[in-house]
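In: With the input below, show me the fold.
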Amino acid sequence: MTTPDLNSPADSITSARGPQVKDATTDMAWLLRDFATTVPGVTHALLLSRDGLKLLDSGLDRNWADELAAAFCGLASLAHNITGPTRKKRPTQQILFERDDALFFLQSAGRSAAFEATLGMRPKEVDTVLGVISRPDAEAGTVGFEMERLINRFAPYMTIPVRHPAASDDAR
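Out: Modelled structure (predicted):
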């Protein structure tokens, strides 16, 4: 068991009402940058709203981050609206596509109100998507696993964290 790094923003103590907006975005930005620098093979990461606005990134060029956010949003939307073999729409757990120069990963990251001030809008919750870019030789399973861990670390800042179906959920 590892001891949390109490000097990192992500491990700061928050009030019973939850983190303040500024603290939440600061903490989430720290988590995202840490993810991009510590997960083997990962080169970039960004958090975007489901409607295509870049919320946070790990230090990408602004124009490229905006372009990626729009493209990732489109892919997430397409995947969300595809019916499967059961003829039902199901939540997409992960999208992975490969090019000769990179692997691209997308996962739903939950709903948050932490970005209302950032977006300049009145209080509103936004659905988020985590996008990750890795080298083409990165271990896809490891990157996907670490993305899930990052999303779980985002949970305290989400009003509705991502919920993955468990076997017991189907029995209800």
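In: Could you say which helix or strand holds the spatially closest residue to residue 105 that is not a sequence neighbour?
Out: Spatial nearest neighbour of residue 105, excluding adjacent residues (CB to CB, 6 or more residues apart in numbering): residue 132 at 4.4 Å. C-beta: built from backbone N, CA, C; applies to glycine. In this structure, residue 132 sits in strand 126-134 according to DSSP states H and E.
In: who are the neighbours of that strand, in terms of helices and strands?
Out: With contacts defined as 3 or more CB pairs under 8 Å, 6 or more residues apart in numbering; DSSP states H and E, strand 126-134 has these neighbours: strand 42-49, helix 62-80, strand 103-112, helix 140-154.
In: possible to save the ones you listed as TSV with mean neighbour count, mean pLDDT and distance to residue 35?
Out: As requested, these are exported to TSV (neighbours: other CB atoms under 10 Å; pLDDT from 0 to 100; distance: least, CB to CB, whole Å):
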stretch	mean neighbour count	mean pLDDT	distance to residue 35
strand 42-49	22	95	6
helix 62-80	16	93	15
strand 103-112	22	91	12
helix 140-154	17	95	5
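In: Could you export these as a markdown table, including distance to residue 87?
Out: What follows is those, written out as a markdown table (distance: least, CB to CB, whole Å):
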| stretch | distance to residue 87 |
| --- | --- |
| strand 42-49 | 29 |
| helix 62-80 | 15 |
| strand 103-112 | 22 |
| helix 140-154 | 27 |
